[in-house]
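Please find the sequence and the predicted model below.
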Amino acid sequence: MGQFWAEALGWDLNDSDHETALIPTDGTSFGIVFEPTSNKRAGQNNIHLDLTTTSPDDQHDIAQRLIGAGASRVDIGQRGDEGHVVLADPEGNEFCIIEPHNNFLAGCPRLGAINADGTRRTGLFWSEVLGWPLIWDQDEETAIRSPDATGPIIQWSGPPLIAKLGKNRLHLDIAPPAGVDQHDAVDRLIELGASRRDIGQGDVSWVVMADPDNNEFCVLTPR
């Protein structure tokens, strides 16, 4: 998985005994971490990644290159005339290769968007949590982006929501800045609408929470 997504995004790969991390090479301010799990995939993921392209040839070439690297075409109910290509990575996680010159993702790197299932309330929640301004707020659909306009957009598609069949396979990790107490950060998140969750994590250094749409996320120690 790490090798596949490093190829897809053009990011560097950092392997350790317990996880595989992707290190951005395009100015994105966060990384992606893959960890082994015994949880089986159940239903369509409520988060997927959107990759940008620069031309029809680029869109075709990256789709073929990733199919050669282990991706497969997948039908999630698309009509076929949307312009984007829907694939699944080697473990069945859906992602989209977006048509070139998509105005909404203009200026984004190859990782154009983290596309999440969620209501407007959740989009507003994450805007407050991250301090990222809303760049879209219409018809229950919301999107935010880093204030310096680098890296991908995070967007929420609005209702109806995908049925949640157990713990989400993909989730966000956040961390308070150095000098901010983790417990204080958790209290603030609860005031914003989050709640604590027990997913059997036991005695760990991070806190498992859920956003207003019941999507799990982790609050790490300050860094």
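Okay, I see it. Just so it is clear, the model here is predicted, and its values are computed rather than measured.

Ignoring the adjacent residues along the chain, who's closest to His18?
Residue nearest to His18 in three dimensions, not counting chain neighbours: Glu35, with 7.0 Å by CB to CB, 6 or more residues apart in numbering. Using the backbone N, CA and C atoms, a C-beta is placed for each residue, glycine as well.

Give the closest residue to the most centrally placed residue in the chain in space, chain neighbours not counted.
For the chain, Ile114 is the residue whose C-alpha lies nearest the centre (CA atoms, centre = their mean; 4.0 Å). Leaving aside its chain neighbours, Ile114 sits nearest to Ile154 (4.7 Å; criterion: CB to CB, 6+ apart).

what do you get for Ser205?
Of all residues apart from its sequence neighbours, Thr221 sits closest to Ser205 (CB to CB, 6+ apart), at 5.4 Å.

tell me the SS of that neighbour?
Following DSSP: H, G, I helix; E, B strand; the rest coil, the label given to Thr221 is coil.

Backbone dihedrals for it, please?
phi -70, psi 160 (degrees, to the nearest 10).

And Ala185, by the same measure?
In terms of degrees, to the nearest 10, the main-chain angles of Ala185 are phi -60, psi -40.

you'd agree Leu9 is up against Ile23?
No: distance between Leu9 and Ile23: 10.2 Å, which falls outside the contact criterion (CB atoms under 8 Å).

okay, these two: which has more neighbours?
Between Leu9 and Ile23, counted using other CB atoms under 10 Å, Leu9 has the larger neighbour count: 20 against 12.

who's in contact with that one?
Leu22, Pro24, Asp26, Leu51, Arg110, Leu111 (CB atoms under 8 Å, 6 or more residues apart in numbering).

10 Å - rerun?
Listed by CB atoms under 10 Å, 6 or more residues apart in numbering, the contact partners of Leu9 are Leu22, Pro24, Thr25, Asp26, Thr28, Ile32, Leu49, Leu51, Pro109, Arg110, Leu111, Pro152.

OK, contacts around Ala194?
Contact analysis of Ala194 by CB under 10 Å, 6+ apart lists Phe125, Val129, Val186, Arg188, Val207, Met209, Ala210, Asp211, Pro212, Asn215, Phe217, Val219.

In strands only, show me those.
Val207, Met209, Ala210, Phe217, Val219 (DSSP state E).

ok, how many other residues are close to the closest residue in space to the first one that isn't next to it in sequence?
Spatial nearest neighbour of Val207, excluding adjacent residues (CB to CB, 6+ apart): Val219 at 4.3 Å. When neighbours are counted by other CB under 10 Å, Val219 registers 21.

Show me this structure divided up by domain.
Structural domains of the chain, as assigned by automatic domain parsing, span the residue ranges 2-34+45-156, 172-219.

The lowest-mean-pLDDT helix or strand in the chain packs against which elements?
Within the chain, no helix or strand scores below strand 12-15, which has a mean of 94 by mean pLDDT, DSSP states H and E. Contacting strand 12-15 under the criterion 3 or more CB pairs under 10 Å, 6 or more residues apart in numbering; DSSP states H and E are the following elements: helix 2-9, strand 20-23, strand 32-34.

Out of the ones you listed, flag the one nearest Leu105.
The closest of the helices and strands packed on strand 12-15 to Leu105 is helix 2-9. By CB to CB, the value is 14.3 Å.

So for the closest one, what gets flagged as buried?
Gly2, Phe4, Trp5, Ala6, Glu7, Ala8, Leu9 (16 or more other CB atoms under 10 Å).
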